[in-house]
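[1] Coordinates for the following, if possible.
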Amino acid sequence: MPAPTSPADLFRHSLRLLLDKDIPAWVALWAEDGVMEFPFAPDGWPRRLEGKEAVAAYMRHYPDHIDLHDFPELRIHRTTDPQTVVVEMRGVGRLVESDAPFDMTYIAVVTVHDGHFTSYRDYWNPLAVQEPGADFTGSSR
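    Here you go, the predicted model:
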């Protein structure tokens, strides 16, 4: 079944893939030249990923470190640009290494063209990644 093409539906589909731990299918939702940004990333974490390959490398080991269980609070807001949505969400699960709870609130500004993510600005709490086992990026912090 092909991925949805509206920004809101594509985003919901992407969350289902993250819960299913299907990172290759999640990465396939990206445009080749898509850009993912993390404006609040702490030192040692990437602030900008350019291109599908960079996004794939960043996400490759995510399920080995963070076991997502649900996105219990999801609000998707339309904008004046029909290709862009603003998303408020909360992701919950556990940190694999320590079995500690994972609970993160996000705001994302997401743009979609031709059924693929082209821009994804992810605003998340940098304090949450200071927990042991949260660093899935392989950073040298």
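[2] tell me the helices in the chain, going along the chain?
    For the chain, helices defined by DSSP state H occupy the ranges 7-19, 23-27, 52-59, 62-65.
[3] Output the contacting helices and strands for the second one.
    Packing partners of helix 23-27 (3 or more C-beta pairs under 8 Å, 6 or more residues apart in numbering; DSSP states H and E): helix 7-19, helix 52-59. Glycine gets a C-beta too; all of them are placed from N, C-alpha and C.
[4] contacting residues around it?
    Helix 23-27 has contacts (C-beta atoms under 8 Å, 6 or more residues apart in numbering) with 14, 17-18, 52, 55-56, 59-60, 62-63.
[5] now swap in the first one and tell me
    Residues from elsewhere that reach helix 7-19, judged by C-beta under 8 Å, 6+ apart: 3-4, 23, 25-26, 29, 62, 68-71, 74, 76, 78, 82-85, 87, 89, 110-112, 115-117.
[6] about what we covered before: dump the helices of the chain to CSV, plus distance to residue 43, mean neighbour count and mean pLDDT.
    What follows is these, written out as CSV (distance: least, C-beta to C-beta, whole Å; neighbours: other C-beta atoms under 10 Å; pLDDT from 0 to 100):
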stretch, distance to residue 43, mean neighbour count, mean pLDDT
helix 7-19, 26, 17, 97
helix 23-27, 25, 17, 97
helix 52-59, 17, 17, 97
helix 62-65, 19, 16, 91
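[7] With distance to residue 95 as added columns, please give those in a markdown table.
    Putting these into a markdown table (distance: least, C-beta to C-beta, whole Å) gives the following:
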| stretch | distance to residue 95 |
| --- | --- |
| helix 7-19 | 15 |
| helix 23-27 | 17 |
| helix 52-59 | 16 |
| helix 62-65 | 7 |
